[in-house]
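Peer 1: sequence and predicted structure below; questions after.
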Amino acid sequence: KNTAKSRPPPYTPDTTDSTARLLEWLEEEEVEGLENVEIGMVPPPTGDGPPLRGLFARRDIFAGEYLVAVPFLSTLLVHEEFEASSPGTEHDPSDHLLASKPENGLRFWKRFLKDPSGDAHQKYKAYLDCLPMSTDDPNFDATPDFWTDEEIEQLPFLAENARSRKQAIQNLVAEYKHDARVTSSIQQACWLVQTRGFSTYKKAVDLDGQEGLLSRVVLIPMLDMINHGGSGVGSSTNAELQVVETKAYDESFYALIASKLIPKGSEIRICYGTGRESSLDLFFKYGFLPSQEINEELRKVDSLIQKQRKRYMF
């Protein structure tokens, strides 16, 4: 008897109604490769807390294969900007991930969340319903945006950046301060874009013939459920995101491509950020510690993370 064929997958398929509606919508949007992957849940590495959502291979995927292709028209374009190049200079986009800018969280809120009856919200409703829109969602990882001043001061190596970002968000919501529900929603939107948004860059030429860098911040439905695999020695990263852009916007797409063999049932993982961030950098942006490295700074962070999970009832 071949027991391998009857062995259950190492994850539990996500059969919630919201995920079913998302998959139905993705089919309508003509997202390719849905037969290759499955949204599922696995226990957290520590064994404590709710299961973690991720994306898993439904068959053996070989290096270089396309797993999923999401059309540009099916993504949520939060912001686009063109920066002209000065003669003799080169842009290094990895030095400034556009999705981390709080103002893009406000743009996302205004365009897709502010008016639930609006066209933009209705078009992407099946996807938006799957996002962690509150701090009590099991898929929420609290970044320092949600920490108290006292907790931030316990991490002097992060305190200045954390205070600066919190203040920037407070400035953005100042005109809505009379409505606690709205300010909370905007804060959550800033967190969503920083933790789930993709920053893309390409050399381009504007209508005046000026060369420069075209930057975009996008949310890519389903692909933003992929967990971090790390970089370097011991990395579990097995896929990467590529931008396949043609002259026609409506024929362009974001492709998830296997970077190595992904056996059936394995979790699909990508490397968050630029691949050059430290564990502390990744924690600041995404709210989790990806490294098992032990040192005093990381112990402090981990201790505060556990407090956050208790606060938000994880």
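Peer 2: Ah, there it is.
Peer 1: can you give me the helices for the chain?
Peer 2: 3-6, 17-28, 102-108, 119-123, 125-128, 149-153, 156-172, 180-196, 279-286, 296-311 (DSSP state H).
Peer 1: can you redo those as TSV with mean neighbour count and mean pLDDT?
Peer 2: For every residue, glycine as well, the C-beta is placed using N, CA and C. What follows is the helices of the chain, written out as TSV (neighbours: other CB atoms under 10 Å; pLDDT from 0 to 100):
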stretch	mean neighbour count	mean pLDDT
helix 3-6	6	44
helix 17-28	15	98
helix 102-108	22	96
helix 119-123	13	96
helix 125-128	20	98
helix 149-153	13	88
helix 156-172	15	91
helix 180-196	20	95
helix 279-286	19	84
helix 296-311	15	58
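Peer 1: distance to Ile262 added to the ones you listed, as a markdown table?
Peer 2: Converted to a markdown table, the helices of the chain look like this (distance: least, CB to CB, whole Å):
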| stretch | distance to Ile262 |
| --- | --- |
| helix 3-6 | 17 |
| helix 17-28 | 20 |
| helix 102-108 | 31 |
| helix 119-123 | 31 |
| helix 125-128 | 24 |
| helix 149-153 | 38 |
| helix 156-172 | 34 |
| helix 180-196 | 22 |
| helix 279-286 | 22 |
| helix 296-311 | 29 |
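Peer 1: go through those helices and name the closest to Lys203.
Peer 2: Proximity of the helices of the chain to Lys203 was assessed by CB to CB; the nearest stretch is helix 102-108, lying at 21.4 Å.
Peer 1: counting contacts, what elements does the closest one pack onto?
Peer 2: Applying 3 or more CB pairs under 8 Å, 6 or more residues apart in numbering; DSSP states H and E, we find helix 102-108 packed against strand 76-84, helix 156-172, helix 180-196.
Peer 1: in CSV: these, plus distance to Ile39.
Peer 2: Below are these laid out as CSV (distance: least, CB to CB, whole Å):
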stretch, distance to Ile39
strand 76-84, 18
helix 156-172, 30
helix 180-196, 15
